[in-house]
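In: this one's structure only:
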Ligand SMILES: CC(C)(COP(=O)(O)OP(=O)(O)OC[C@H]1O[C@@H](n2cnc3c(N)ncnc32)[C@H](O)[C@@H]1OP(=O)(O)O)[C@@H](O)C(=O)NCCC(=O)NCCS
């Protein structure tokens, strides 16, 4: 494919949150109701974050979380419906996988409802046996944490 009119961007600060909210609304059924505030927090806490641009229009997005050595997970992969089927989604996922925070980890996870064959064509395998999920309760009591200064005092 000729990517001349399509640009892949790793700079989070370039992401237009309004455009990303729209992209989720038209292209990502699991993320249709997300607010700008929530999206902004997710981007802040993710690395790498890859956006895809056709001139000034945001047409693709994916983000990952990673410990840099053992495990990484890819989230929110989406291509604008008008731009699908041209290889852009493949290139988007490959860009995430090539990032230094992802390309050395032992295992890269993702969850998908309808796109197994898309990810298989990139090299992912179906993994049904050992994944668990906690549907987090917002009223879960947090564990009291020691302040950093308290930890230092305890060391001596
Ligand atoms: C999944 C998605 C990101 C793929 O993006 P894309 O740019 O269309 O993907 P590509 O053009 O690189 O397609 C790669 C291959 O998958 C196939 N493919 C992609 N999307 C497909 C679809 N919706 N239906 C059938 N085949 C599809 C392509 O035909 C192509 O196969 P080929 O290489 O044999 O020709 C895009 O369809 C999308 O945004 N879907 C909605 C959101 C979604 O489900 N994201 C994944 C969440 S985990």
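Out: In hand now; what should we look at? All of these numbers come straight from a predicted model, not from anything done at the bench.
In: quick check: residues of the protein near the ligand?
Out: Listed as neighbours of the ligand in the chain under the rule CB under 6 Å from any ligand atom: 27-28, 77-79, 84-90, 110, 112, 114-115, 118, 121. All C-beta spots, glycine's among them, are computed from the backbone N, C-alpha and C.
In: among the residues you listed, which ones are buried?
Out: 27, 28, 77, 78, 79, 88, 89, 110 (16 or more other CB atoms under 10 Å).
In: how about this protein: which residue is closest to the ligand?
Out: residue 89 (2.1 Å; CB to the nearest ligand atom).
In: show me what contacts that residue?
Out: Shown in contact with residue 89 (CB atoms under 8 Å, 6 or more residues apart in numbering): 60, 77, 79, 118.
In: nearest to residue 67 among those?
Out: Proximity of these to residue 67 (CB to CB) peaks at residue 77, which lies at 20.1 Å.
In: pLDDT value on the residue lying closest to that closest one once chain neighbours are set aside, please?
Out: Closest residue to residue 77 apart from its sequence neighbours, by CB to CB, 6 or more residues apart in numbering: residue 62 at 4.4 Å. Listed pLDDT for residue 62 reads 98.
In: confirm that residue 62 sits in a strand.
Out: Yes - assessed by DSSP: H, G, I helix; E, B strand; the rest coil, residue 62 belongs to a strand.
In: distance check, it against residue 29.
Out: Distance, residue 62 to residue 29, by CB to CB, to the nearest Å: 16 Å.
In: please apply the same query to residue 127.
Out: 22 Å.
In: thinking again about what came up before, what about residue 62 and residue 29, which has more around it?
Out: residue 62 (24 against 10; other CB atoms under 10 Å).
In: which SSE is the residue of the chain closest to the ligand in?
Out: helix 88-98 (DSSP states H and E).
In: so for that helix, mean pLDDT?
Out: Mean pLDDT, helix 88-98: 98.
In: what residues of it count as buried?
Out: 88, 89, 91, 92, 93, 95, 96, 97.
In: what is the nearest of those residues to residue 145?
Out: residue 96 (31.4 Å).
In: what's near enough to touch that closest one?
Out: By CB under 8 Å, 6+ apart, the neighbours of residue 96 are 48, 50, 62, 63, 64, 74, 102.
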